[in-house]
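>>> give me the fold of what follows.
(one chain, ligands or ions: 3)
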Amino acid sequence: MKVRYKFFATLLAGMVIAGIGIHLASSGTLVNSFSQQDEARAKSELERVEAVFGQIVGKVHAQTGALAELAPEKTLTPDRVTKLDLDGALLLKQTGESDLWIGRGSLSQTAAENLIKSNHLVELAETKPSGLSGLVRTPAGAFIASFHKTADSRWLASFKEVDDSIKSQLSRVVSLNLQWSPVLPAGSQNRFDSTQSVWVEGSSLMGTALLRDLKGQPLLRVEAAMPRSIHQLGQETTNWMTLQIVCVGAIFIMVVSYATMRHVIGPLEDLGNQVSTIGAGSSGKRVVVQEDDEVASLAFNINQMLDRLDDGSRRLQESQDALKRHNENLELIIAARTKEIEYQAYHDKLTGLPNRALFLDRLSQALRRCFRTKRTISVLFIDLDNFKLVNDSLGHDMGDALLMQVAERLSDAVRPGDTVARLGGDEFTILLEDVLGEEEPRQVAKRILDSLKEPFMLGSTEAFANASIGIAIKTNPYESAESLLKSADTAMYHAKGLGRSRYVFFSPQMHEMAKERLEMETALRKAVIEGDITAAYQPLIELKSGRIVGCEALARWHHTEKGSIPPSVFIPIAEETGLIVPLGWKLLEEACYQAMILRDILKSPDFIMSVNLSGRQFQSGSLVTVIRQTLEKTMLPPQCLKLEITESILMENREESIDRMKELKALGVYLALDDFGTGYSSLSTLHAFPIDTLKIDKSFISRLEEEEGAQAIVEAILAMAHTLKIDVTGEGVESEAQADLIRRLGCQLGQGFLFDRPLTGEGLSDRLKDGTYPQAEEERRAA
Ligand code: C2E
Ligand code: MG
Ligand code: MG
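Ligands and ions are numbered 1, 2, ... in the order given. Have a look, this model is predicted:
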């Protein structure tokens, strides 16, 4: 609703309320006072009626008085009575008896006499010197009675009926239309208990006056209707006043409205229109300031506010622009970062090759693509052999450099469209698409193995890296990426198991083997806990005398269902699962006890028990403590125990290994380097290790007879060992010829089936007792 309408409505309502209020208040008080005046006037009129009636009575009394003063017998004549318009006149003796009666009209003499008697009017008149006059009630109606004492002391009583002439005379004198009615005698119900009464009836004011008899009792009632002239005048005056107020109010409204419109609402509306035009987008515009009043001040304030708004919106625009630029930069950075993260999420950081996720994704896509074609796809799983050794011996930087070079060679070995990925560590995979049969992956595997044969240059150091490769070819149309990769992985494990540096195609039986391996693992765990794995002892023979100088404890597991399981099967599993540690310590203890028995049989204090130590045992923090405690527990002298460690264990962390070996040596035990020649150590590094014995691997011994090269190697080993004052044991001696040959080459000790197979503790004890082995003189004597 517009302000002007609200304003007009308020003004109008105010005026209407004020008008009504004034009208009601004024009419209430004025009209009320006018009504009171009317009533007062009516009462005075009624008093006048009574007064005038009194005058009429007085007049009758005066006229009859003149009659009494004269000699009544002469003056009281019917003519005189008629002239005086009396209805009757009675002359009474002093005794009260009637003397003369002149009657007219309805009043009889008897009635007049009874009236006088019953009302004791004579006695009453005696009390009034000027005589008695007033109204009296007769059976014929109301009469004005007048008593005068005559000159001869008689009484003249005259009666005049209150007839129409008196009534009209009264009406005429008081100028009122009077209604006459008799008042019932005393004792009857009478609503008029006062002389006068005034009430309103319609537009007239009604009033009654009571005319009383000689004794003061009401006798006649006179009712008069009087106009309410003052009240009417008051009413008209207030109406006129109200009209005037309304007119003045209307003029007032018009004047105030004009002034308000002209000076307030009009300028405000104009200001509002200007502000809305500016608000609609006319930036920079300002409202026009006119006059010098509050509206102008408001306009001025609005202009100031608009200035500030413009300033604010300019600054806001600047901030938004800056924010937009910042956002754009941020989006570019985020896009670049997202790209980088995506790249990192799908690529190997070191080599830049696709990682496992991307490889699996590409493999899945390739599998979908070749779903309906005859051509298939193949996955190669490549794992470097002994990479950990390179890492540990040459450091992680060198290891990383090797991996990068391997990645390059792998990429060179495949077609441009094939995917080479690094899954992590030293594991790589290759996806060959669009292949037919086994030939293509075989060629790739061969190329890889060939390319790896070339030495890698890591700075100035030369290094070699072999790899085991598992190849899986998709044969099942519903093959999944994960299962194909798993198959290649399984095949790779088989390649490792078959001696590494080779490739193997996956066959479904491998899964069976994997399952078997799992079963084996479970059975092994049980066997270790239940003590089903025991030690067998293979004699160590002094070659020049054939004497037994010690034995090697070798683990033996007799499975209740599968029979004897060779260490080459369960030892690697025990190593992988960590079971080798509890097993190894148990066998060590068993071997130490057995050594005590064998020493006792032989009576030889130099009998040495050799015990194999796995890498995990060697690296365990409790190594020295456990060995010391075992020796203490079994009471075996430390110089009767030889611990065999493979060279690969020592090479993993050379410096630390040397420290550990020194700690073991400090216990007093001997150390042997087992399977020498199969690992990475070279003769030149031997001097660094504090070893007492070097065990030449059986693969050299077995080749001695056929290969001259093998003989040369053994010769070189022995020469170096002699220089370093290290004993040498030939492992796997199976023939006299081999024994002769190594004996001639200077090897002190031999171990092999030629001399004895590994035996149970009792078996070896029996063998020692039955003299199979020649004994030294002192031993024999002692025995
Ligand atoms: P190793 O320590 O080099 O043990 C010598 C292996 O050569 C034994 O095989 C032994 O039976 C075998 N051998 C001895 N003479 C001949 C021979 O004339 N011809 C042939 N062909 N073999 C011969 P075994 O008992 O099967 O043990 C294999 C390997 O398992 C051991 O090689 C050793 O590395 C590991 N091993 C065995 N027992 C334990 C053990 O208690 N702890 C640990 N850590 N490794 C063990
Ligand atoms: Mg050994
Ligand atoms: Mg060996």
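
>>> in the stretch 551-700 of the chain, which spans are strands?
In the stretch 551-700 of the chain, the strands defined using DSSP state E, counting those that start in this stretch lie at 563-565, 608-612, 641-646, 670-676, 693-696.

>>> what strands line up against the fourth one, and which way round?
The strands beside strand 670-676 in its sheet (DSSP bridges) come out as strand 641-646 (parallel), strand 693-696 (parallel).

>>> that older thread, pipe the strands of the stretch 551-700 of the chain into TSV and attach distance to residue 30, mean neighbour count and mean pLDDT per row.
Every C-beta, even on glycine, is put in place using the N, C-alpha and C of the backbone. Putting the strands of the stretch 551-700 of the chain into TSV (distance: least, C-beta to C-beta, whole Å; neighbours: other C-beta atoms under 10 Å; pLDDT from 0 to 100) gives the following:
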stretch	distance to residue 30	mean neighbour count	mean pLDDT
strand 563-565	136	12	93
strand 608-612	139	24	98
strand 641-646	137	23	96
strand 670-676	141	22	94
strand 693-696	146	25	95
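
>>> for those strands, which one sits closest to ligand 3?
Closest to ligand 3 of those, according to C-beta to the ion: strand 670-676, at 4.2 Å.

>>> got a list of contacts for that closest one?
For strand 670-676, the external contacting residues (C-beta atoms under 8 Å, 6 or more residues apart in numbering) are 608, 610, 612, 639, 641-647, 650, 661, 664-665, 681, 686, 689-697, 717, 729, 731.

>>> from those residues, which are also near ligand 2?
Cross-checking the contacts of strand 670-676 against ligand 2 (C-beta under 5 Å from the ion) gives 612, 644 as the overlapping residues.

>>> so where's the longest helix in this protein?
helix 3-69 (DSSP state H).

>>> can I get the strands of the stretch 551-700 of the chain in TSV with distance to ligand 3?
Supplementary listing: those in TSV, determined by distance: least, C-beta to the ion, whole Å:
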stretch	distance to ligand 3
strand 563-565	19
strand 608-612	8
strand 641-646	7
strand 670-676	4
strand 693-696	5
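
>>> need those strands in TSV (columns: distance to residue 103).
TSV is the format used below for the strands of the stretch 551-700 of the chain (distance: least, C-beta to C-beta, whole Å):
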stretch	distance to residue 103
strand 563-565	181
strand 608-612	186
strand 641-646	186
strand 670-676	190
strand 693-696	195
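
>>> now for those, which one comes closest to ligand 1?
strand 608-612 (3.5 Å; C-beta to the nearest ligand atom).

>>> same for the closest one, what does it pack against?
Secondary-structure packing of strand 608-612 (3 or more C-beta pairs under 8 Å, 6 or more residues apart in numbering; DSSP states H and E): strand 547-559, helix 580-602, strand 641-646, strand 670-676.

>>> does it reach ligand 1?
Yes: residues of strand 608-612 contacting ligand 1 under C-beta under 6 Å from any ligand atom: residue 612.

>>> follow-up on the earlier one: identify each buried residue in the helix or strand that comes right after the longest helix of the chain, please.
Using DSSP states H and E, the next helix or strand after helix 3-69 towards the C-terminus is helix 72-75. Within helix 72-75, the residues that qualify as buried are 72, 75, counting by 16 or more other C-beta atoms under 10 Å.

>>> what about whatever helix or strand residue 388 lives in, distance to the chain center?
Here residue 388 sits within helix 387-394, counting by DSSP H and E. Distance of helix 387-394 from its chain centroid, counting by C-alpha atoms, centre = their mean, to the nearest Å, is 54 Å.
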